[in-house]
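Novice: Output the structure for:
(one chain, ligands or ions: 1)
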Amino acid sequence: MAEHGSSACSHPSERKYKIALCQLFVSKNKLENIRHARELLEAAADGGAKLILLPEMWNCPYSNELFSLFAEEIDADDLSGSPSCGMLAEVSRSRKVTLVGGSIPERFGSHLYSTCCVFGSNGKLRARHRKVHLFDVDIPGQLTFKESATLTAGDELTIVDTDVGLLGIGICHDIRFPELAILCAERGADVICYLAAFEMNTGPLFWEVLQKARALDNQLYVATCSPARDLTINHAAWGHSTVVGPFGEILATTGHEEAVVFADIDYAYIREVRLRLQLEKQKRKDMYQLVCVSNCIRHI
Ligand SMILES: NC(=O)CCC(=O)C(=O)O
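Specialist: Numbering: from 1, shown residues only. Modelled structure (predicted):
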């Protein structure tokens, strides 16, 4: 169901608007993280952004030891159990912006998830996406981490209809799996938002190429948002929040410090690129197809 009353709205394929990525420092003080996130979100809204992203685990340092301590219950009808989501709802309503609210540790029964909440420009919770591909890695001498030791994987892909168009949502390691992006594109997503905290070991090699690949494969916009780098913690983030266009070009990016990154989105440009390079038409669906297991897509 689309929302109403946005200045960004025209025919969906002609929408133009400004996107902003809030690359911020995350501390061990949750209330301070919420206050600081609000500050950057408001700066992004003041800068004219209609769609604003936060990074993966923005209210909590990225650590298996801390996820449970920082976790919140998210009840769509009563956000009083989630100070982080309460703030997101307030900012989206007061500033009339769509927020892709990074991820926070979510407690649901005995499970913990890395969960992204998307708020519409009326302040309503539009979607809740749980990280699908958990980051378990073992590169001897460099990086060993097992996210699945504390978190449970989500089992739905999310495509959410907002004032600024159809958004596909992925969380960090999800970007390595082209299937998720293809399914979002096949269902009409204009932008895929990846909330991330790529590692210092893997970031330099993979981060940029993965963003370009997902954008190019699907001829759409890819927007990524990382925390700023903090070398005093175990899993310092690579940073480099970026917006990539449907031709695989970097439209805006940054280094590893705190920053609000702005870029212009123009859906007519997606159509133009798809006309120039007609990949969808050229696909050999008589030879291959991506099958989606029933109920795995949440299209809101
Ligand atoms: N938080 C994550 O999912 C990290 C993913 C990552 O660094 C990768 O290389 O994949």
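Novice: Determine the set of other helices and strands touching the lengthiest helix in the chain.
Specialist: Criterion DSSP state H: the longest helix present in the chain is helix 30-46. Judged by 3 or more CB pairs under 8 Å, 6 or more residues apart in numbering; DSSP states H and E, helix 30-46 is in contact with strand 16-23, strand 51-54, helix 83-95, strand 259-266. Placement of C-beta: from N, CA and C, glycine included.
Novice: can you pull the buried residues of the last one?
Specialist: For strand 259-266, burial by neighbour count (16 or more other CB atoms under 10 Å) applies to 259, 260, 261, 262, 263, 265.
Novice: what's the offset of that strand from the middle of its chain?
Specialist: 14 Å (CA atoms, centre = their mean, to the nearest Å).
Novice: angle of that strand against strand 16-23?
Specialist: 160 degrees (axes from the mean of the first three to the mean of the last three CA atoms, to 10 degrees).
Novice: do the third one as well
Specialist: Angle, helix 83-95 to strand 16-23, by the same axes, to 10 degrees: 150 degrees.
Novice: After helix 83-95, heading C-terminal, what element do we hit next?
Specialist: Counting by DSSP states H and E, the element after helix 83-95 in chain order, helix or strand, is strand 98-101.
Novice: Can you tell me which residues in the stretch 1-150 of the chain are near the ligand?
Specialist: Residues of the stretch 1-150 of the chain found near the ligand (CB under 6 Å from any ligand atom) are 56, 135.
Novice: Retrieve the pLDDT associated with the nearest residue to residue 108 once chain neighbours are set aside.
Specialist: Take residue 108 and drop its neighbours on the chain: the residue closest to it by CB to CB, 6 or more residues apart in numbering is residue 73, 7.2 Å away. Note for residue 73: predicted pLDDT of 97.
Novice: How about the contacts made by residue 73?
Specialist: 81, 82, 106, 107, 108 (CB atoms under 8 Å, 6 or more residues apart in numbering).
Novice: Distance of it relative to the ligand?
Specialist: Using CB to the nearest ligand atom, to the nearest Å, residue 73 is found at 22 Å from the ligand.
Novice: With residue 59 instead?
Specialist: Taken as CB to the nearest ligand atom, the span from residue 59 to the ligand is 15 Å.
Novice: Quick check: buried residues in the lowest-mean-pLDDT helix or strand in the chain?
Specialist: Within the chain, confidence by mean pLDDT, DSSP states H and E is lowest for strand 297-299 among all helices and strands, at a mean of 75. If you call a residue buried by 16+ other CB under 10 Å, then strand 297-299 has these buried ones: residue 298.
Novice: again, but for stretch 209-220
Specialist: 210, 211, 212, 213, 214, 215, 216, 218, 219, 220.
Novice: Of the residues you listed, which is the nearest to the ligand?
Specialist: residue 210 (8.2 Å; CB to the nearest ligand atom).
Novice: can you give me the strands for the stretch 151-300 of the chain?
Specialist: 157-162, 165-171, 191-195, 221-225, 242-244, 250-253, 259-266, 297-299 (DSSP state E, counting those that start in this stretch).
Novice: closest one to the ligand among the ones you listed?
Specialist: That would be, of these and by CB to the nearest ligand atom, strand 165-171, which comes in at 7.0 Å.
Novice: I'd like to know which elements that closest one is packed against.
Specialist: Counting by 3+ CB pairs under 8 Å, 6+ apart, strand 165-171 packs on strand 98-101, strand 111-119, strand 125-130, strand 157-162, helix 178-186, strand 191-195.
Novice: Now do the end-to-end distance for stretch 292-299.
Specialist: 13 Å (CA to CA, to the nearest Å).
Novice: what's the closest non-adjacent residue to the residue in the stretch 201-300 of the chain positioned nearest to the ligand?
Specialist: The ligand sits closest to residue 202 of the stretch 201-300 of the chain, with a gap of 3.1 Å, by CB to the nearest ligand atom. Nearest residue to residue 202 in three dimensions, chain neighbours excluded: residue 143, at 7.2 Å (CB to CB, 6+ apart).
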